[in-house]
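> Need coordinates for the following:
(one chain, ligands or ions: 1)
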Amino acid sequence: MSLRHTYTLFAPIYDLLIARASTALRRDSLQRLEVTAGDVLLTGIGTGLDIPHLPQGPCYIGLDLTPAMLRQAQRRSHGRNDIRLHLGDAMQLPYRDASFDAVVLHLILAVVPQPERLLAEAERVLKPGGHILIVDKFLRPGQRAPLRRLLNLFTRHIATRTDVVLEDVLACCTQLHLHLDEPILARGWFRRIELRKVTSDK
Ligand SMILES: C[S@@+](CC[C@H](N)C(=O)[O-])C[C@H]1O[C@@H](n2cnc3c(N)ncnc32)[C@H](O)[C@@H]1O
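Just a heads-up that it's a prediction; the model follows:
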């Protein structure tokens, strides 16, 4: 089963499972959005639980691999003409280099099988000086976490990875640096991260 199959099955119950527990985390993360105009990409927007927390001003593009999730996001974005939704793959974003002022990666970086590739694509489409907001679950470098690593063998191809080390992923992206790193849930397994893209190639 692929991630698209799983999230097609999840779509009708996703909000029931995730919405309540994640509302404050989304709100706090999106409060850091520094873009008052310009373009913001929400990669893996899912059912659009971030939408009610998006400030007016920028133009938003929400991209997702799963049509069933996007249909829910479509309903949630009703009445807002500043949000466009695209079906697509976060591993091969259909956007030009340096076309977004900010990228939101909520519960997607540690979900996909190749987080390095996803973050490299986010880095590519981000303008110099732009920022990336992440909420997700990450192990610390060197953390053993045997249960989560075992769980990962079962969940990585169907729902999410549970063994991703942010620092390893970040090491692959030379133009991104860590600006904020805060533990938010489950004794620091879930973290709020902000990355910034360097302003020149120095
Ligand atoms: C755990 S959900 C998170 C949804 C949303 N970001 C949120 O915070 O609720 C993961 C989402 O990523 C999407 N997804 C998985 N792989 C993807 C890919 N390669 N490209 C785009 N979206 C993907 C799934 O369809 C699903 O909607």
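> hey, let's count contacts and neighbours off CA atoms from now on
Fine.
> where do the strands sit along the protein?
39-43, 59-64, 83-87, 100-106, 126-137, 176-185, 190-197 (DSSP state E).
> Turn those into CSV, columns for distance to the ligand and mean pLDDT.
CSV is the format used below for these (distance: least, Cα to the nearest ligand atom, whole Å; pLDDT from 0 to 100):
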stretch, distance to the ligand, mean pLDDT
strand 39-43, 6, 98
strand 59-64, 4, 98
strand 83-87, 8, 98
strand 100-106, 4, 98
strand 126-137, 8, 97
strand 176-185, 15, 96
strand 190-197, 12, 97
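> Take those strands and write them to JSON lines, including mean neighbour count.
Shown next, in JSON lines, are the strands of the chain (neighbours: other Cα atoms under 10 Å):
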{"stretch": "strand 39-43", "mean neighbour count": "24"}
{"stretch": "strand 59-64", "mean neighbour count": "22"}
{"stretch": "strand 83-87", "mean neighbour count": "17"}
{"stretch": "strand 100-106", "mean neighbour count": "25"}
{"stretch": "strand 126-137", "mean neighbour count": "24"}
{"stretch": "strand 176-185", "mean neighbour count": "15"}
{"stretch": "strand 190-197", "mean neighbour count": "21"}
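> With distance to Leu153 as extra columns, can I get those strands in TSV?
Formatted as TSV, the strands of the chain follow (distance: least, Cα to Cα, whole Å):
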stretch	distance to Leu153
strand 39-43	25
strand 59-64	24
strand 83-87	28
strand 100-106	22
strand 126-137	16
strand 176-185	23
strand 190-197	20
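> Of all the ones you listed, which one comes closest to Thr162?
Closest to Thr162 of the strands of the chain, according to Cα to Cα: strand 126-137, at 7.2 Å.
> what packs against the closest one?
Packed against strand 126-137, as judged by 3 or more Cα pairs under 8 Å, 6 or more residues apart in numbering; DSSP states H and E, are the following elements: helix 3-30, strand 100-106, strand 190-197.
> can you rerun that using 6 Å?
Where contact means 3 or more Cα pairs under 6 Å, 6 or more residues apart in numbering; DSSP states H and E, strand 126-137 is packed against strand 100-106, strand 190-197.
> still on that earlier bit, of all the strands of the chain, which lies closest to Leu147?
The nearest among the strands of the chain, by Cα to Cα, is strand 126-137 at 14.2 Å.
> what is the orientation angle of the closest one with strand 190-197?
If you take axes from the mean of the first three to the mean of the last three Cα atoms, to 10 degrees, strand 126-137 sits at 170 degrees to strand 190-197.
> List of residues touching strand 126-137?
98-107, 189-199 (Cα atoms under 6 Å, 6 or more residues apart in numbering).
> looking at the strands of the chain, which is closest to Pro12?
Pro12 sits nearest to strand 59-64 of all the strands of the chain, at 15.7 Å, using Cα to Cα.
> Would you mind listing what in this protein touches the ligand?
3-4, 7, 44-46, 49, 64-66, 69, 88-91, 106-108, 112 (Cα under 6 Å from any ligand atom).
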